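A.B. asks: Need coordinates for the below:
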Amino acid sequence: MSSMDFSFGIEDVGVAILQELWNRVALQTAELAKETRDGVLEKDSFQEFSRTISELDILLRALNVRKIEAAMGSDFTKAALENLNSEIREARKIIKDYKSGSRLRLLLHSNSVLSQMQALAKRMAATISSFQLINLDMAVNLKNMNHQIINNLNSMEFRMAAATETIASEIENSISQSSKNRENAVKLLEKIAEAVGANANASLVQNELELLKQEKEEMEIQKKQAEALQLSQLIQLLYSTEIVSRPQSEDISSYPIGSFICPLCDEMMVDPVAVYCGHSFERKAIQDYFKSGKKNCPSCGEELQSLDLTPNVNLRSSIEEWKKRDRDWKFQAAIRGINSSDNVRINKALEDMQVLLEIPQYAVKAAEEGLILKFVESMKETNLNTMAAVKCLYCLARYCDDHKQEIVQAGAVRRIVKRIYNGRTEPTTVGILLELSKTETLIDKIGNTKDCIPLLVSLLSNPNSDISDKAQNVLQNLSSNTHFAVKMAEAGYFQSFVARFNEGHQETRALMAAALVNMQLKENSISDLKDKQFVQNLVHLLSSNSPACKSACIKCIKKLIQYPKMVKRFLSDPATIPLLLNLISFRSDPLLKQEAAEILALLIETCQHAQFEMNQGLQELQSEHNVSLFLQHVANSDPKFKIQFLHLLIELSNKSNIAQNLIRSNTGDINHLFSCLDSDRPEVRRWAMKLIHCLSEGHPDGVPLPPSPTKEIAINTLSSILTCSLDCEERSIAAGIISQLPKDDTDIDETLRKSETLKAIHEVICSSDDRFSGGIGATINQDKSLLENALAALLRFTEPSKPELQRQVGELELYPSLVRVLSTGSSLAKQRTALALAQLSRSSSLSVSDIRAKQENSLPLLHMMKLFPNMSWCCTASTTNEMSCSVHGFACSNRHAFCLVKADAVKPLLQTLSDTDSGVAEAALMALETLLEDHNTLSHATAAIVESQGVVAILQVLEKGSLSAKSKALDLFLKILNHSKISDTLFQRAEGILIQLLHEDEIRKKVALVLKQMKVLPEQSSYF
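C.D. replies: Numbers count the residues shown, from 1 in each chain. You can find the predicted model right below:
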């Protein structure tokens, strides 16, 4: 035979083998169709299956195996036929066991049988589909038949009828409780007989007993002890009907479960051990029995020769098998209960199932049985045990990785979120989310569920640590998604946000920084955000080549530095200041420059002086190069640009004398600053004035004015702003700058004299009461600042060395308004008012002394006043009815002369002494001292102070005032003691206060002098 012929021969053999296999499958199919026509239970399901299998038989006989082999290949066709053959054989075996065995046992296991048949039908459908007959060249009716067979097998449902399900459940309950109630057993037998279409008589019972005993022997031979035990229990159930009698030869002890119960502890044994005589007990129970001193067997009483214990392996195995079988029963019963419509049965099934599913293999079986959707649906039914459903889902999520996707798709996450939202928060509920979140593919579904992340964040503060820990772990799992880390931060949890930011790429960090800008931050948020690595990575974004990254970064930093802890962290990063300076120094977006300047200003403003001195980056800002750079940007024409850099220079000048002096020394920059006062942009004008004021305040040279004639123009501009501006803050700053103008410049004095400055000051002081009574909030604060600065500017006009300016003050009759400020103003306003009154009073005291001397030489009446100082001399050259001053007589009657007594300022000044703020009492004491500078009027002056309750006020200062105030108060009190008399009560009080003051080293000697004057201390005291 040629090779060609040999090849054809092999092909023919292959086709012949396939044909033989095809014929065998067809024969098996025909047999299966016959065997399934008559079922004992659920006949409709089996008959439908039989019809479908019959159609399969017709289809197989109509097809040509050669066509299939040609289309699919020999190997594939053979494998598919073998699978189909195996499946049909398996179905026939199930049917055989189903029909030939005990009907009682069939009822008990009917759900398992039906489940096997349904699964087998689906497998057969898949195998038939694999032939792809639809693609073959065959009749249309055969193609339609093939399609119908596959659909029928896929959709076929082998379901137990409700009545059958109830009977199976009753059988289970009866055998598990070892019930021996005859009446109940008979009723159950009647139901069984009706279900299988038989009569409940002796013949049925006898037949069932024979089958059960035969099956029990087979199980015992196969060492399937648990199955054998179950069959024994079914036998016991039939005997309990008493329809047939138990043979005497039959050992009743082999049937009950009692052999698994320990006689000592009356519980099912877990670790059974045998004693010397052969009886078995639970290990711990018999050990405790022996420890009590007993040495006989608890069961038979035999004295034991040895107390050694031998593990009863066979009994333990039987118990474990029985337990497994018992669990299997309960599992099948629970499945039926969950699938029922009776809520009582469903709840019982859920309770049993939650225990069973703690064993992984049952969790997997439950998922395979399609119970996931049932558990999820049970969670929303208020009349069901939702907690049991939750526990079932937890076990499935924990043990069934392959079914987690199904749990999520069933809506479990949304149902859990609603449960938590409604206050039903248990560790198990959160545990489901934790188990699901361990699967990366499910993270998006969980995190995108509405309210899920905010609720998880809220659980972090739950008092139950198990709940809070689980919630934190869920959030940790979800944080692998940047969007979810942002949502956590938006809900107030920043740990995952910070961790994700530190792990992310530059683009991720930029997106997260941009999101952070719009978040509300709290102190606990800042505790997480001040992470060193986070700040370092954020600052590093400033070096990015991407403008978007830089912009997001700089906005984020600007938000964060509102918090002192963050300022400290940013300043501790050595890259912060250099990178911000780079944005300003080199060509970049003007908006970025502005924001960089704003951040630098805020960093300087927030840090302490000591911190500024210690920080190398901040120190670099005050270099000549950088100060010059900032000033160059002030010259920029854009108003917003100007403002940001003016703000930066203000904060820098507040912290650095070096920077302040660099700005002051540059005439061109000073000229530009003053030129800004004429800007038509109020905000630019205001910020320029703030910088000028900052450069001037506290500096020995005062305001750094440009040279004349620009100087005079600048002063007039400031005066005009104070006089005409409608902006309260602007007027306040202008007054503050005027108060800092160089003191010894007569050109400035002349310019001020000719201007409307004093009238504007007068208007501010006179209207302060009205403003304070009518405004609130920021307006009051602005008016307060305006008054304080106006009073500071007034001090130039009240200088004794500037008589022309003082004369202007007298002409305006400003004194009553000034005195009112002592009662209504702030502490600083009171202090400055007192200083102004002191200056005015000192100048007037000198002029009054001169007038008094002239009048003593020219007028006899004044001579008489000197001879009789205690008399009231009320006359002047022009009238005899005009009352004179109690201290100065009519020497201070000139309308331009100022007198504290005539102005009724003594009492308000004394009341001001109670103000404990530093500087107020000292200023008031300085003003009062001006009354005592003329020796000729000392007695009248001290009397005026005493009559105004001045001693009480002075003693208050001695008790509570500052050290410098106490020193001035002692001087004043000593003069009062020398020239006036005080009451005994005040004397005693003063004595006690002064003795206490002897302990203060700085004023001890002065106190001792006063006590010596009071004759409390001797002249030779050691205090001197």
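
A.B. asks: My read is that Leu373 contacts Val408, right?
C.D. replies: No - taking contacts as C-beta atoms under 8 Å, Leu373 lies outside contact range of Val408: 11.8 Å. Quick note: C-beta positions are derived from backbone N, CA and C, even for glycine.

A.B. asks: Comparing those two, which shows the higher neighbour count?
C.D. replies: Using other C-beta atoms under 10 Å, the more surrounded residue of Leu373 and Val408 is Val408, with 22 against 14.

A.B. asks: Model confidence at that one, what's the number?
C.D. replies: Val408 carries a pLDDT value of 95.

A.B. asks: Assumed it was part of a helix.
C.D. replies: Yes - Val408 sits within a helix when classified using DSSP: H, G, I helix; E, B strand; the rest coil.

A.B. asks: measure it to Ile416 for me?
C.D. replies: 10 Å (C-beta to C-beta, to the nearest Å).

A.B. asks: Check Thr77 too.
C.D. replies: Here the criterion is C-beta to C-beta. By it, Thr77 lies 49 Å from Ile416.

A.B. asks: Who has more neighbours out of the two?
C.D. replies: Applying other C-beta under 10 Å to Thr77 and Ile416 shows that Ile416 carries more neighbours, namely 26 against 23.

A.B. asks: Pull the number of nearby residues for Arg825.
C.D. replies: I think there's a mix-up here, since residue 825 is Gly and not Arg. The number of residues packed near Gly825 is 24, by other C-beta under 10 Å.

A.B. asks: Could you do His693 as well?
C.D. replies: Residues near His693, counting by other C-beta under 10 Å, number 22.

A.B. asks: and what of Arg24?
C.D. replies: For Arg24, using other C-beta under 10 Å, the count is 14.

A.B. asks: Now do the contacts for it.
C.D. replies: Asn85 (C-beta atoms under 8 Å, 6 or more residues apart in numbering).

A.B. asks: Quick check: which element contains it?
C.D. replies: helix 3-35 (DSSP states H and E).

A.B. asks: ditto for Ala366
C.D. replies: Ala366 belongs to helix 360-368, assigned by DSSP H and E.

A.B. asks: After that helix, heading C-terminal, what element do we hit next?
C.D. replies: Past helix 360-368, the next helix or strand by DSSP H and E is helix 372-378.

A.B. asks: Mind listing what's buried along the helix or strand that that following helix is followed by?
C.D. replies: Following helix 372-378 in sequence order, the next helix or strand is helix 386-399 (DSSP H and E). By neighbour count on 16 or more other C-beta atoms under 10 Å, the buried set for helix 386-399 is 386-399.

A.B. asks: Please apply the same query to stretch 682-701.
C.D. replies: Using 16+ other C-beta under 10 Å as the test for burial, stretch 682-701 gives 684-697, 699.

A.B. asks: what's near enough to touch the residue nearest to Thr449 when sequence neighbours are not counted?
C.D. replies: Distances taken as C-beta to C-beta, 6 or more residues apart in numbering put Val413 closest to Thr449, at 4.8 Å, once the chain neighbours are dropped. Applying C-beta under 8 Å, 6+ apart to Val413 gives the contacts Leu433, Leu436, Lys445, Ile446, Thr449, Cys452.

A.B. asks: Can you select the buried ones among those residues for me in ChimeraX?
C.D. replies: Listed next is the ChimeraX selection for buried residues among the contacts of Val413, using 16+ other C-beta under 10 Å:
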select :433,436,445,446,449,452
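
A.B. asks: from the contacts of Val413, which ones fall inside helices?
C.D. replies: Leu433, Leu436, Lys445, Ile446, Cys452 (DSSP state H).

A.B. asks: On the three-state scheme, the residue nearest to Thr449 is what?
C.D. replies: helix.

A.B. asks: lowest-confidence helix or strand of the protein?
C.D. replies: helix 860-867 (a mean of 46; mean pLDDT, DSSP states H and E).

A.B. asks: Which element is encountered next along the chain beyond that helix?
C.D. replies: helix 906-912.
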